[in-house]
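Colleague: One predicted model, sequence on top.
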Amino acid sequence: MIPYGRQDISPEDIDAVTQVLQSDWLTQGQAGPRFERAMADYCGARSAAAMSNATAALHIACLALDLGPGDILWTVPNTFVASANCALYCGASVDFVDIDPRTYNMSVAALSEKLAQASTQGRLPKVVIPVHFAGQSCEMTEIRALADRYGFRIIEDASHAVGGDYLGRKIGAAQLSDIVVFSFHPVKIITTGEGGMTLTNDPRLGERLAYLRTHGIVRPSQAAPVDAARSNEDRYGPWMYEQIELGLNYRMTDIQAALGASQLGRLDAFVARRRELAARYDALLAKLPVTCPWQHPDTNSAWHLYVIRLQRNEIKLTRRQVFEALRAAGIGVNVHYIPVHTQPYYQRLGFSTGMFPEAESYYQDAITLPLFSKMTDAEQDTVVAALTKILS
Ligand SMILES: *Cc1c(COP(=O)(O)O)cnc(C)c1O
C-alpha cells in the first residue's frame, strides 16, 4: 500500500535522539529551548513554545487569549476536530464559517458577512481560527483587516503548513495573527512523533504560552521578577518557583525536541520535494475528470495534502466506489475532512447538516492522494495509472 502520508527519518535524526537518550536530561534540558529557538528563527517569529501535540498547543493558545465561558470561537468545518474542540476545553462556545470553494480555506466573504450579522446581535467571536488547509495559507491580510475592525484575536492553525509561505514570508512569522500553531504528527511535514508548537511576536503572550504549558509555574527570575530588595529574602532562595496561574503539563520531551530540530534542518528539502510532486500531479492529472487544487497567488503551499475533487457529472462511479477501487489497487487514499459540524457530538450541540453547504459539497467529492517527501516518481505514476484506469 502506498500511504497518503509518511515520515522521513534519517540516520542523523536517529543520532540526535540517541544523544538525548544518553544525556542527563530526557525532558526540560537544552534540546527543547534549542528546537524552539531554531523554529522561531526559521519562521521569523519572536518566540516559540514546544508542546506535547498541536491539540495541546491550540488549548494553551486559547487560554493565553483568555478564552472562557461566555466567549465564542469561530473556525471552519473543513478541519480536524481539534481546531474546534479547543474552545470547548475552555468552556467557550464554537461556531463555524463556511469555506471558499476554490481554496477550501475559510471564506473571507462568508466571514465578513457573518461578522456583520453577529455584530448587530452582540454575538461577535473573541477568537477566530483560520486553518491553512493542505498547507496553503488562508487570506491573512483580509482576515487581519476584519480582526482590526471587529476586535477579535487570531490563532492560525498551521498544522498543515510548516515550511509554507504567505506573501513572501514564512507561515509561523505571526505577522498578521496573535499566535500560530504547528503540528509535528508523523503524517505532517516534519515530525517529533507526537508534538506541537505555538509561535508569537508578542513578548507577554510568549511568556504566558510557555508557562501555561508547564502548570502555570514560573521561576521568580523569569516571568515575575521580584525587585532587588525582596530577592534577598529567604523565601526567594534558588529553589523557589511560583504557580501564578492554573496551567497544564503539555511539555514536549527533549527526546522529541531533538528529533524536531534535526528534522527542521531538512524542512526546506521536504517542502521542495512536496512542491515538485504536487506540480507533477497537476500535469499528470490534467486530462482526467478531476479538479486539482487551486492555488491563491499570495500563497506558496507546504503541500501537506494533495486533494482532488471528482467532477461528478463526468464520472459514473460514486466517490465511495472510486475510493474503494483505489484502496483495492494498493493506493492509500484518504478523505480530509468530514465537516466538523456533522460529527455526532457537534450535532448534539445543535449543529445540523445543511448549515455550511460549501464544506459539505466539497466533502462529497474530495479524495486525498498520497503525497510525502520520500515518495518516488514511480510511486506517483502508480497512483496516477490506477486513478486513470478507474475513471476511464
Ligand atoms: C493534525 C491536526 C491537528 C492536531 O494535531 P495533533 O498534533 O495531532 O494534536 C489540529 N489541526 C489540524 C488542522 C490538524 O491537521
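Modeller: Right, received. Where do you want to start? Numbers count the residues shown, from 1 in each chain.

Colleague: what secondary structure does Asp95 sit in?
Modeller: When classified by DSSP: H, G, I helix; E, B strand; the rest coil, Asp95 comes out as strand.

Colleague: My guess is His132 contacts Ile171. True?
Modeller: Yes: the criterion here is Cβ atoms under 8 Å, and His132 meets it with Ile171 at 6.3 Å. No exception for glycine: its C-beta is placed from N, CA and C like everyone else's.

Colleague: so what sits against both of those two?
Modeller: 156, 158, 161, 164 (Cβ atoms under 8 Å, 6 or more residues apart in numbering).

Colleague: Of those, grab the buried ones for ChimeraX.
Modeller: Buried members of the shared contacts of His132 and Ile171 can be picked out in ChimeraX with the line below, counting by 16 or more other Cβ atoms under 10 Å:
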select :156,158,161,164
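
Colleague: Up against the ligand, what does the stretch 101-250 of the chain have?
Modeller: 131, 157, 159-160, 183, 185, 196 (Cβ under 6 Å from any ligand atom).

Colleague: again, only this time at 8 Å
Modeller: 131, 133, 157, 159-160, 181, 183-185, 187-188, 194-196 (Cβ under 8 Å from any ligand atom).

Colleague: now those residues as a markdown table including pLDDT?
Modeller: Converted to a markdown table, those look like this (pLDDT from 0 to 100):
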| residue | pLDDT |
| --- | --- |
| Val131 | 98 |
| Phe133 | 98 |
| Asp157 | 99 |
| Ser159 | 98 |
| His160 | 98 |
| Val181 | 99 |
| Ser183 | 98 |
| Phe184 | 98 |
| His185 | 98 |
| Val187 | 96 |
| Lys188 | 97 |
| Glu194 | 98 |
| Gly195 | 98 |
| Gly196 | 98 |
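
Colleague: Just the ones of those in strands?
Modeller: The strands, defined by DSSP state E, take in 157, 181, 183, 196 from these.

Colleague: Could you measure from the second one over to Gln30?
Modeller: Relative to Gln30, Val181 is positioned 24 Å away (criterion: Cβ to Cβ, to the nearest Å).

Colleague: These two: who's more crowded?
Modeller: Val181 (29 against 13; other Cβ atoms under 10 Å).

Colleague: Now do the longest helix along the chain, average pLDDT.
Modeller: Longest helix in the chain by number of residues (criterion: DSSP state H): helix 267-284. Mean pLDDT, computed over helix 267-284, is 98.

Colleague: Sheet partners, orientation included, of the helix or strand that that helix is followed by?
Modeller: Counting by DSSP states H and E, the next helix or strand C-terminal to helix 267-284 is strand 290-291. Sheet pairing here is set by DSSP bridges, and for strand 290-291 it gives strand 306-310 (antiparallel).

Colleague: Give me the angle between the strand it pairs with and helix 267-284.
Modeller: Put simply, strand 306-310 runs at 20 degrees to helix 267-284, going by axes from the mean of the first three to the mean of the last three Cα atoms, to 10 degrees.

Colleague: wait, does strand 306-310 make contact with the ligand?
Modeller: No: Strand 306-310 is not in contact with the ligand by Cβ under 8 Å from any ligand atom; minimum separation 12.8 Å.

Colleague: So for that strand, what gets flagged as buried?
Modeller: Those would be 306-310, for strand 306-310 by 16+ other Cβ under 10 Å.

Colleague: cool, and stretch 258-272?
Modeller: In stretch 258-272, counting by 16+ other Cβ under 10 Å, buried: 258-264, 266-267, 270-271.

Colleague: out of the residues you listed, who's nearest the ligand?
Modeller: Gly260 (12.0 Å; Cβ to the nearest ligand atom).

Colleague: so what's the residue nearest to that closest one when sequence neighbours are not counted up against?
Modeller: The spatially closest residue to Gly260, leaving aside those adjacent along the chain, is Thr192, at 4.2 Å (Cβ to Cβ, 6 or more residues apart in numbering). Contacts of Thr192 were listed using Cβ under 8 Å, 6+ apart, and they are 184, 252, 256-257, 259-260, 263.

Colleague: which one among those gets closest to Pro339?
Modeller: Pro339 has its nearest neighbour among these in Phe184, at 25.4 Å by Cβ to Cβ.

Colleague: Near the closest one, how many other residues are there?
Modeller: By the criterion of other Cβ under 10 Å, Phe184 has 31 neighbours.
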